[in-house]
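Predicted model, plus sequence, below.
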Amino acid sequence: MSYHLIPVSRSGISTLSGCGSPENMERLPELPASEERRLRRAAHVLQQRLVLRQWLATHKLQHAYSK
């Protein structure tokens, strides 16, 4: 299996978004089950934080939340 490295100077959100394209999905290595659970949990926590921040901003309470 080969990996294509992207130079840091050229990487960004648009470059990263292309990594999830269907053409690239089959080239990704399979993650161990424990790593997949850890990544899913981390994604869930980030999603919860985003929802909270959006709710606080909607209700003009963003100052009440500290990291």
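Great, that's in hand.

In this protein, which helix is the longest?
helix 33-58 (DSSP state H).

what residues does stretch 42-61 touch?
Gln62, Ala64, Tyr65 (CB atoms under 8 Å, 6 or more residues apart in numbering). The C-beta positions use only the backbone N, C-alpha and C, and glycine is treated the same way.

any idea of the pLDDT on Arg27?
Here, the pLDDT recorded for Arg27 equals 75.

re the thing from before, identify, from the contacts of stretch 42-61, the entry nearest to Glu30.
Comparing the contacts of stretch 42-61 against Glu30 with CB to CB picks out Tyr65 as the nearest, at 37.6 Å.

Quick check: the gap between the spatially closest residue to that closest one that is not a sequence neighbour and Ala64.
The shortest distance from Tyr65 to any non-neighbouring residue, by CB to CB, 6 or more residues apart in numbering, is to Leu56 (5.3 Å). Leu56 is 7 Å from Ala64, where distance means CB to CB, to the nearest Å.

more neighbours, these two?
Ranked by neighbour count (other CB atoms under 10 Å), Leu56 and Ala64 place Leu56 first, with 14 against 8.

returning to that earlier point: would you reformat the contacts of stretch 42-61 as TSV and include secondary structure?
Output for the contacts of stretch 42-61, formatted as TSV (DSSP: H, G, I helix; E, B strand; the rest coil):
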residue	secondary structure
Gln62	helix
Ala64	helix
Tyr65	coil
